[in-house]
Each structure stands twice: as C-alpha cells, then as structure tokens.
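In: Below: sequence and its predicted model.
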Amino acid sequence: ETGVTQSPTHLIKTRGQQVTLRCSSQSGHNTVSWYQQALGQGPQFIFQYYREEENGRGNFPPRFSGLQFPNYSSELNVNALELDDSALYLCASRSASGNHEQYFGPGTRLTVT
Amino acid sequence: RKEVEQDPGPFNVPEGATVAFNCTYSNSASQSFFWYRQDCRKEPKLLMSVYSSGNEDGRFTAQLNRASQYISLLIRDSKLSDSATYLCVVAWMDSSYKLIFGSGTRLLVRP
C-alpha cells in the first residue's frame, strides 16, 4: 500500500451538479497531483499543489479547482458536471525533493448521468 | 503528435517469454522517466524509474535513449501475474513540474 487514501471510492452525480473528491497524501509527501483517467486512456494531469498553492495545471477548464491543506491533504472540486467528466480520478503524492517518484491512491470512480 | 506515445497492444505472449515495450516522447527537455503498471480498474503502481545508464530490477530492465527520445521496458521469463497495462511516464519542469503518461501497453501472458 502506498499510504495515499482517497474518498469516496465511487460516486454517482447528475449533469450540472458539483462534486468534491478528497485525498490524503503519504506521510512525508508535500506535493499532491490530481489526474483524470478515462476508460482505455492513460491518466491526464489536472493540476498539482505544493505548499497549499497550485503550481502546475494541465488542459482542464476552470470548473476544475482544488485546495491543499496545511497537513498536505487535498481536494478536487468539479463544478457544472458534464457527462464526459465520468472517469477515474486519481490522486498522487510525492516529495518535492528527491527523484520525483509519485505514488497513487486507489482513485474515485465518478459517474455522471 | 502526442507528448508520450506507446503501442497499445495487446501483446499476447506465453509464460516464460521475453517481451519488450517501447515508448517515445516529444519533449527533449524531459528530465525523469518511469514505468508504471496498472491492473484492471486499479490505480497505477510504480514499477521502476528509468535512469540514463539503464537499470534492472529482477526480471525487469529499463533503458533510456535520450538521443532518440525513447524508453524501453524488457520483461524476461514472463509470469501470468505480469498481465497488466504498462504505462510510460515522462516528467519535466518548465514553469511547473509536469508528469505526462502514455496511454499504456496491454500485456497478456497466457499459460
């Protein structure tokens, strides 16, 4: 086990709703990244948080937002859900120093109907 | 052109076979390279980092060719439990740290 936890494990929402996903990083890891993985695709980078600030972002619209807390845990918020937002959402943590190896949580499977 | 490209497979091999996967990347400023393994409906798990000098971990050998911008993974003596999707991952830093995944190569090891 990596020590990265995510909640909830599964979630069903309807189009237009808002969702919040949560992640606790591995002990000693101060950087958290979020990924979206659609079926049959590799994970797509959403954004990264370090010291409670977003310091990297992929090609996702502003309705995808996040937070990082002083204990390094993190949230991903998605507003105005669309059907295409249905995917596995993965959180990964790493140390800001060292070899940049990331460790993933089990993911949250979001279904938008 | 995708930033990280992999042959999707599937590679269907018998137990005991040797199989190799390649991955190409487009950003010559890439700094770190990894192979992850992902089982069906599970999270990716780090298999190994890839170093310029090449590295080996048991039956797994990873190579990096910076000049040609490709990474390889060799699996010797394949086991049934090696059946999974193998994701090539490339990282670099510009204004921020970026980690880009390929779409993965599926491996099926048959008895």
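Out: Received it, and whenever you're ready, just let me know what you need. Numbers count the residues shown, from 1 in each chain, chains lettered A, B, ... in the order given.
In: Residue of chain A closest to chain B, please.
Out: Going by Cβ to the nearest Cβ, chain B is nearest to A:Gly56 of chain A, at 3.2 Å. From N, CA and C alone the C-beta is placed, and that goes for glycine too.
In: Quick one: residues contacting that residue.
Out: A:33, A:45, A:47-48, B:95-98 (Cβ atoms under 8 Å, 6 or more residues apart in numbering or on different chains).
In: So which of those are in helices?
Out: Among the contacts of A:Gly56, no member falls in helices (DSSP state H).
In: Most widely separated two among those?
Out: A:Ser33 and B:Ser95 (15.2 Å; Cβ to Cβ).
In: residues from chain A in reach of chain B?
Out: Residues of chain A lying close to chain B by Cβ under 8 Å from any Cβ of the partner chain are A:2, A:31, A:33, A:35, A:40-45, A:48, A:55-58, A:88, A:90, A:99-107.
In: Just the buried residues of these.
Out: A:2, A:31, A:33, A:35, A:42-45, A:48, A:56-58, A:88, A:90, A:100-107 (16 or more other Cβ atoms under 10 Å in any protein chain shown).
In: What about the residues you listed, which are in strands?
Out: A:31, A:33, A:35, A:44-45, A:48, A:56-57, A:88, A:90, A:103-104 (DSSP state E).
In: who does A:Thr20 bridge with?
Out: With DSSP bridges as the criterion, A:Thr20 is bridged to A:Asn77.
In: count of neighbours near it?
Out: 14 (other Cβ atoms under 10 Å in any protein chain shown).
In: Below-threshold pLDDT in chain A: ranges please.
Out: Applying pLDDT under 70 to chain A flags the ranges A:1-2, A:98-99.
In: center of it - which residue?
Out: Nearest to the centroid of the C-alpha atoms of chain A, with distances taken as Cα atoms, centre = their mean, sits A:Trp34, at 3.0 Å.
In: What is the burial count for the residue of chain B found nearest chain A?
Out: Chain B approaches chain A most closely through B:Ser96 (3.2 Å), counting by Cβ to the nearest Cβ. Using other Cβ under 10 Å, B:Ser96 has 13 neighbouring residues.
In: show me what contacts residue 50?
Out: In the absence of a named chain, chain A is used. Shown here is A:Tyr50, whose contacts under the criterion Cβ under 8 Å, 6+ apart are A:30-32, A:68, A:96.
In: oops, I was thinking of chain B
Out: Contacts of B:Val50 by Cβ under 8 Å, 6+ apart are B:33-35, B:62-64, B:71.
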